[in-house]
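> Provide a 3D model corresponding to the input given below.
(3 chains)
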Amino acid sequence: MGPAQKSAAAALPRAFRGPGDRVFKYAIVGLSSAVVALALVMAVVIYIEARPTFKAFGYLSFLTETTWDPVKSIHGALPFIIGTFVTSFAALALAAIPAIAVAIFTSEYAPKWLAAVINYTVDLLAAIPSVVVGLWAIFNFAPLMRDAVYMPIYLWAEASAPWLATMLGAPSTFNMTTGTIVLALMIVPYTVALSRDAIGQVPRDQREAMWALGATKWEVIRQAVIPYARTGIAAGVLLSLARALGETMALAMLIGNSNRLPFTLFGPAATMPSLIINEFREAVEPLHYSSIMAVGFYLFIITIGINLVTSFVQRKLYMGRGMV
Amino acid sequence: MKLRTRFLRDRLMLAGLGLLTAVVVVPLFIIIFYVVANGFSALDANFFTQELGSPARAMQGKPTGLVASIVGTLLIDLAALAMALPFGIGTGVMMSEYREHPFAPIARLMVSTLNGMPAVLMGLTAYALVVKNTGGFSGMAGSVALAFVMVPIIARTTESVLTVTPWALREAGLSLGLPRWKVTLSLVLPAARTGIITGVLIAFARAAGEAAPLLLTSFGNNFLSFDLSKPMDSLPQRLYSLAISPYKQWHALGWGGAIILLLFVILTFFIGRVAVARLEKRMKG
Amino acid sequence: MDTINVKDKDAGATLAAGDELRMETVGLSVRYGTGNYGIRDVSMAVADKRVTALIGPSGCGKSTFLRSLNRMHDLAPDITVTGQAFLDGEDLYAPDMDAVLVRRRVGMVFQKPTPFPTKSIYENVCAGLRLVGVNKKATLDEAVERSLRGAALWDEVKDRLKTPGGSLSGGQQQRLCIARALAVEPEVLLMDEPTSSLDPNATIRIEQLIHELKEQVTIVIVTHNMHQAARVSDYTAFFYVGELVELSATKEMFLKPREKKTEEYLTGFFS
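Below is the predicted model:
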């Protein structure tokens, strides 16, 4: 700043200079550093609370130990890790195709008003608290599925394919399959929204280029829209997986809470979040408490891992775009 | 390949996509139908005025209700919002208005990390930070946990709303000789007001439906309490307890509570949506 | 072709002796949802194996007209097209005529190069053929070489046909798009300002290519640059506010335009 400008600034009324800018910047930096600190504090605090468990069982052995018995003070996270991954991936497998179908249907085929109605409905589905979905499933969906679906299948399997029956397990009202289906319902809105964004980013000229070659609508979608959007859709599916891994209430209410491996399809199971909800309030033994915290710590690590993979996919996506 | 085959495939795909769309959309209406059908009969004057009390109270047919949960939800959520607002908006301003600051990319990374965190972990953190250090479960601990949930959502929406506010606005302000803080506070934020409010409402609705963090922090209370330093009831956490309880009368109360929670969340959500629509209309017009 | 009935203006009459009529529009109008006309009552002829350039100030409807020649407007729900557009005497807007077939016969190259970024150079060229179920490798190989040669790109890419189409330079990408359009052997090729996003060298390449291509295919090109129209075209049509003002042999139009409006435009009176 030259001397001329400086004197001009000095000539401004007091309100126009002053320390305002610096103070404001400090305030903003202060507020946002608290948020940055929060992420770190979460990791550190949960780790500190979990440390007795890591000391007692070791970082790795805690992960691979299959027994979770608070009475005998043996704690292993493997059942919950298996439960979390199995339910999440299965729910994702159930949800991904319908979700992408909704995104394609609304952005490519449906007339504007219908697309608006569907999008609104899906967003609404995302807004329903998972505890309400859980309540509905406890009283309506779970008993219905047990009586109308699992029981007949199990009885049939028992009679004609015993090996299948052991895999299915005796049907209980609250079980892994019901939990997974409801979990799929909970993550579908996210997958829809993220796929919709990815499809929305496909430039008009990509579609027109395909039209101009004499393609039908489906061929335009298949040949131009999906290939262009696929990285974005993949990132969306990954983010939905992160959602599924962390979804707590619906599973805590529906999965039946069995800490004992092996889990069966129609039998009760548990996931990392469902364990936290179901045992935290009863964890009076210090080691029980710290083991629940340790499960939370690993859930934290898994979530971070998926976030990192997702941002990697997204970065690749932007680099790919840059080439075009 | 014959053109007819190609058209046939086109139609088949349309039918398949439409069918899958129905599969996704229909459960929503089923859930809402059941909640309304089962919950409506539970809503009476007692529901809004009586405490829940012990199970015996319901079993003996004495009047019970969820007034404690409704009051508690409002108190906990509003306290959480009050805590989350300055941090959320401040961080959003940081990420959008001070993007040249070395801190901005770190803030962005952490906000997106927090956004992906399961709320139950916010609950564990709030438990270790607040409950353990204050000597017990409390409504305030629940507010802290919910504030953790709200902050990253508010920060992210604030950032994206501010980013789409025209740069010309800032340039106009700066060229008048206004300092940066004044440009931000008196020009940029007011211009982005509607979008920020929408983001805040969405964050509020999301947090209001969360049960997991509250189960670990505010614990629940069968009796009416206005004291944020004591255990406090809230609708999401109460719905969970009612649903897994063995009492028929409590299940009915649960359905009633589900209607109220659903209405609360959807109403917040709807107001947010309408605000967005109005914002878009204004930007077009 | 000689059996077409032209209602008011006999557009075919403006073609030079020896040139045959390939496409013709009669009273073609395009209306937007707002009620505004994109083009209004355009009756025009396109000569076989010739280059017809469409010029005019921006917003005059030249692109709108071009896109109505292969029914690209069908894709926008709030655009209505009235009138007729004939290709070899068949009305492209007849109720039993399918837009997919129309676009197969009338190819298009866009303003911005639009290679499919996830597909290889080879697959980009094949895209149209694969749609109709041509999957035999020998046939595809042959079509790819023929089209890339036709688009004067073969020598530059023959050793890297498997690399993504997006890895080429802008000018190469545009020639790739031309090759992609040529692969399905269209009868007419529409070009919507094909050089507007290219540098001068790439532009010269494309202009040369247009010269070579008119041996095999009828070309209609929109250009915002009247010098380009003068360089590449045999016929030039001047559009102004949605109407066709004049269609003449290019030389004739640039030397002594019939209409006063055309003269004003060509002399830079308005732009």
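> measure residue B:128 to residue A:50 for me?
Per CB to CB, to the nearest Å, residue B:128 is found 10 Å from residue A:50. The C-beta positions use only the backbone N, C-alpha and C, and glycine is treated the same way.
> and the residue in the stretch 51-200 of chain A that chain B sits nearest to, how far is that from chain C?
Closest to chain B within the stretch 51-200 of chain A is residue A:129: 2.9 Å, counting by CB to the nearest CB. From residue A:129 across to chain C, the span is 37 Å (CB to the nearest CB, to the nearest Å).
> show me the shaky parts of the stretch 151-271 of chain C.
Confidence mapping of the stretch 151-271 of chain C against pLDDT under 70 gives the ranges C:270-271.
> residues touching the residue of it found nearest chain B, list them.
For the stretch 151-271 of chain C, the residue closest to chain B is residue C:184, as judged by CB to the nearest CB, at 13.5 Å. By CB atoms under 8 Å, 6 or more residues apart in numbering or on different chains, the residues touching residue C:184 are A:213, A:214, C:104, C:107, C:128, C:129, C:132.
> taking those one by one, which sit in strands?
By the criterion of DSSP state E, membership of those in strands covers residue C:107.
> for the contacts of residue C:184, name the two members farthest from one another.
C:107 and C:132 (13.6 Å; CB to CB).
> wait, the residue of the stretch 51-200 of chain A closest to chain B touches residue B:212, no?
No. Contact between residue A:129 and residue B:212 fails when scored by CB atoms under 8 Å: they sit 10.5 Å apart.
> what does stretch C:63-80 contact?
Stretch C:63-80 is contacted from outside by A:111-112, A:207-208, A:211-212, C:23, C:25, C:28, C:30-33, C:38-39, C:42, C:44, C:54, C:81, C:85, C:92-93, C:99, C:102-103, C:106-108, C:188, C:190, C:192-193, C:220, C:222, C:239, C:242, C:244, using CB under 8 Å, 6+ apart.
> convert it to CSV, retaining C-alpha atoms only.
C-alpha atoms of stretch C:63-80 as CSV (Å, rounded to 0.1, in the frame of the first residue of the first chain):
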residue,chain,number,x,y,z
SER,C,63,-29.1,-23.4,-35.0
THR,C,64,-32.8,-23.9,-34.2
PHE,C,65,-33.4,-24.6,-37.9
LEU,C,66,-30.4,-27.0,-38.1
ARG,C,67,-31.7,-28.9,-35.1
SER,C,68,-35.1,-29.2,-36.6
LEU,C,69,-33.6,-31.1,-39.6
ASN,C,70,-32.9,-34.2,-37.5
ARG,C,71,-35.7,-33.7,-34.9
MET,C,72,-33.4,-32.8,-32.0
HIS,C,73,-36.2,-30.6,-30.8
ASP,C,74,-38.2,-33.7,-29.8
LEU,C,75,-36.0,-33.9,-26.7
ALA,C,76,-37.2,-30.7,-25.2
PRO,C,77,-40.7,-31.2,-23.9
ASP,C,78,-41.9,-27.6,-24.3
ILE,C,79,-40.9,-27.0,-27.9
THR,C,80,-43.4,-27.5,-30.8
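> show me how far that stretch is from its chain's centre.
13 Å (CA atoms, centre = their mean, to the nearest Å).
> between residue A:129 and residue B:212, who's got more neighbours?
Between residue A:129 and residue B:212, counted using other CB atoms under 10 Å in any protein chain shown, residue B:212 has the larger neighbour count: 31 against 25.
> residue A:58: neighbour count?
If we define neighbours as other CB under 10 Å, then residue A:58 has 12 of them.
> and the helices in the stretch 101-250 of chain A?
A:112-127, A:130-136, A:142-145, A:151-160, A:162-168, A:176-200, A:204-212, A:217-220, A:226-246, A:249-254 (DSSP state H, counting those that start in this stretch).
> just the mean pLDDT for the second one, thanks.
Translated: helix A:130-136. What helix A:130-136 shows for mean pLDDT is 94.
> and that helix, what does it pack against?
Helix A:130-136 sits against helix A:176-200, helix A:249-254, helix B:3-39, helix B:235-244, helix B:248-284, with contacts defined as 3 or more CB pairs under 8 Å, 6 or more residues apart in numbering or on different chains; DSSP states H and E.
> report the backbone C-alpha coordinates of it in CSV.
Extracted in CSV, the C-alpha atoms of helix A:130-136 (Å, rounded to 0.1, in the frame of the first residue of the first chain):
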residue,chain,number,x,y,z
SER,A,130,-34.9,-44.1,12.2
VAL,A,131,-36.5,-44.7,15.6
VAL,A,132,-39.9,-44.2,14.0
VAL,A,133,-39.1,-46.7,11.2
GLY,A,134,-37.8,-49.0,13.9
LEU,A,135,-41.1,-48.7,15.8
TRP,A,136,-43.1,-49.5,12.7
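> just the residues contacting it, thanks.
A:182, A:185-186, A:247-250, A:252-254, B:30-31, B:34-35, B:209, B:211, B:236, B:239-240, B:243, B:254-255, B:258, B:261-262.
> what of the third one?
Taking contacts as CB under 8 Å, 6+ apart, the residues outside helix A:142-145 that touch it are A:173, A:174, A:177, A:178, A:181, A:254.
> repeat the analysis, applying 7 Å as the threshold.
Here helix A:142-145 makes contact (CB atoms under 7 Å, 6 or more residues apart in numbering or on different chains) with A:173, A:174, A:178, A:254.
> quick one: residue C:26 and residue C:82 touch, right?
No. Taking contacts as CB atoms under 7 Å, residue C:26 lies outside contact range of residue C:82: 10.6 Å.
> and those two? Which one has more around it.
residue C:26 (20 against 12).
> you'd agree the more buried one is in a strand?
Yes. The assignment for residue C:26 is a strand, going by DSSP: H, G, I helix; E, B strand; the rest coil.
> is it in a bridge, and if so with what?
With DSSP bridges as the criterion, residue C:26 is bridged to residue C:84.
> kindly provide the distance from it to residue C:218.
For residue C:26, the distance to residue C:218 - CB to CB - is 18 Å.
> same question for residue B:270.
Residue B:270 is 56 Å from residue C:218, by CB to CB.
> residue A:71: neighbour count?
Neighbours of residue A:71 (other CB under 10 Å): 7.
> can you tell me how far it is from residue C:266?
Residue A:71 is 96 Å from residue C:266, by CB to CB.
> how about residue C:25?
23 Å.
> just residue A:265 next, same as before
78 Å.
> now residue B:123
In terms of CB to CB, residue B:123 sits 75 Å off from residue C:266.
> same question for residue C:203.
Per CB to CB, residue C:203 is found 21 Å from residue C:266.
> what's the answer for residue C:46, then?
Distance from residue C:46 to residue C:266, counting by CB to CB: 21 Å.
> these two: who's more crowded?
Using other CB under 10 Å, the more surrounded residue of residue C:46 and residue C:266 is residue C:46, with 28 against 18.
> now do the contacts for the residue sitting nearest the centre point of chain A.
A centroid search over chain A (CA atoms, centre = their mean) returns residue A:243, at 1.0 Å, as the residue closest to the centre. Going by CB under 7 Å, 6+ apart, residue A:243 touches A:187, A:190.
> what helix or strand is the spatially most central residue of chain C on?
Central residue of chain C (CA atoms, centre = their mean): residue C:190, 1.4 Å from the mean position. Element membership for residue C:190, per DSSP states H and E: strand C:188-192.
> just checking: what are the partner strands of that strand?
strand C:106-109 (parallel), strand C:218-222 (parallel).
> any residue of stretch A:290-297 up close to chain B?
Yes. Interface with chain B: stretch A:290-297 contributes A:293, A:296 (CB under 7 Å from any CB of the partner chain).
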